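Student: Quick one, fold the following:
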Amino acid sequence: MSEFKEKAYLLLSGGQDSFVCLAWALQRFGEVEAVSILYNQRHAKELEYAAKIAKHFGIKHTMYNIGDFFSAISDSSLLTSGNHFEQHQQAKNLPASFVPNRNGLFLTIISNHAFRNDEAHIHIVAGVCETDYSGYPDCRHQYIKAKEAELSLGLERAVTIHTPLMWKTKSQTFQMAADALKLKELIEMTLSCYNGVEDLHEWGRGCTECPACKIRMRGYEEYKKLAL
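Tutor: Got it, this is the predicted structure:
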């Protein structure tokens, strides 16, 4: 029986975390709808995976294209040909892949989408995580709770942002997929690689070299050890 009768709106990137969040949401909500954002990232292959995932699970999927909005006002190696391992140009404590306020805009877009559907209580599910991540400030619990309050005030109705992975390691994320009997689909049907490399490995698809692949590889190795 679903924990929530309402519909959940999931930010679906096509990567590991949003896939596991989808499996989590399908077990807890009466209905799940996915929203993806195309923002002129260096590769859009991940969104092809998002579409395939939505089709596989038989859920409605909407894609919004915001064009060059971020690249016009932001610097990030996810938007240009920069090195993912370098420091960010405007924030030396953050990686070059940081896109300022990306999650903030994504959450605004998906909440507007739900508002247009006249949801009395807007439930958003996002795969942000503060445990095994690249240090992005808009992935942190404190930021998400502040954004939740902002959206509720701005739309004048209840908005809840569910973050099932917030305190999970990548190893635990693999375990969540295994518990949901979706580990094979997670490995084969998702793409988290910053370089958009689709080569399939034991731990999933990727280049093995970018920060996202290294975190994923390490998490899978830890998962295997714990699963023994």
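Student: got the contact list for residue 128?
Tutor: Residues in contact with residue 128 (C-beta atoms under 8 Å, 6 or more residues apart in numbering) are 17, 103, 138-140, 144, 163, 165-166. For every residue, glycine as well, the C-beta is placed using N, CA and C.
Student: Helices - which of these land there?
Tutor: Using DSSP state H to define helices, the subset of the contacts of residue 128 located there is 17, 103, 144.
Student: Next, count neighbours for the nearest residue to the first one once chain neighbours are set aside.
Tutor: Looking back up the chat, that one is residue 17. On the basis of C-beta to C-beta, 6 or more residues apart in numbering, the spatially nearest residue to residue 17 that is not a chain neighbour turns out to be residue 127, at 3.2 Å. Other residues near residue 127 come to 24 when the count uses other C-beta atoms under 10 Å.
Student: Now name the helix or strand holding residue 112.
Tutor: Secondary structure assignment for residue 112, by DSSP states H and E: helix 102-116.
Student: Same question for that helix: list its buried residues.
Tutor: Of the residues in helix 102-116, 102-115 count as buried by neighbour count, 16 or more other C-beta atoms under 10 Å.
Student: could you say what helices and strands the next helix or strand after it packs with?
Tutor: Counting by DSSP H and E, the next helix or strand C-terminal to helix 102-116 is strand 121-125. Using 3 or more C-beta pairs under 8 Å, 6 or more residues apart in numbering; DSSP states H and E as the contact criterion, the neighbours of strand 121-125 among helices and strands are strand 4-11, helix 16-26, helix 102-116, strand 158-162.
Student: Of those, which is nearest residue 77?
Tutor: For these, proximity to residue 77 was assessed by C-beta to C-beta; helix 102-116 is nearest, at 12.9 Å.
Student: now the closest one and strand 4-11, what's the angle there?
Tutor: Here the directions of helix 102-116 and strand 4-11 differ by 130 degrees (axes from the mean of the first three to the mean of the last three C-alpha atoms, to 10 degrees).
Student: Would you mind stating the distance between residue 209 and residue 190?
Tutor: According to C-beta to C-beta, to the nearest Å, residue 209 and residue 190 sit 18 Å apart.
Student: typo on my end, it should be residue 114
Tutor: The gap separating residue 114 from residue 190 is 24 Å, by C-beta to C-beta.
Student: that older thread, when you compare pLDDT across the buried residues of helix 102-116, which one is lowest?
Tutor: Ranked by pLDDT, the buried residues of helix 102-116 bottom out at residue 102, which scores 88.
Student: which residues in this protein form strands?
Tutor: If DSSP state E is used as the criterion, the strands of the chain fall at 4-11, 29-38, 61-65, 121-125, 158-162, 200-201, 204-205.
Student: For the last one, what does the pLDDT average out to?
Tutor: Right, strand 204-205. On average, strand 204-205 scores 98.
Student: Which residues outside that strand are in contact with it?
Tutor: Outside strand 204-205, the residues that reach it (C-beta under 8 Å, 6+ apart) are 16, 186-188, 190-193, 197-199, 216, 220.
Student: Format the residues you listed as JSON lines; extra columns: pLDDT.
Tutor: Conversion of the contacts of strand 204-205 to JSON lines gives the following (pLDDT from 0 to 100):
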{"residue": "16", "pLDDT": "97"}
{"residue": "186", "pLDDT": "98"}
{"residue": "187", "pLDDT": "98"}
{"residue": "188", "pLDDT": "98"}
{"residue": "190", "pLDDT": "98"}
{"residue": "191", "pLDDT": "96"}
{"residue": "192", "pLDDT": "92"}
{"residue": "193", "pLDDT": "93"}
{"residue": "197", "pLDDT": "95"}
{"residue": "198", "pLDDT": "96"}
{"residue": "199", "pLDDT": "98"}
{"residue": "216", "pLDDT": "95"}
{"residue": "220", "pLDDT": "97"}
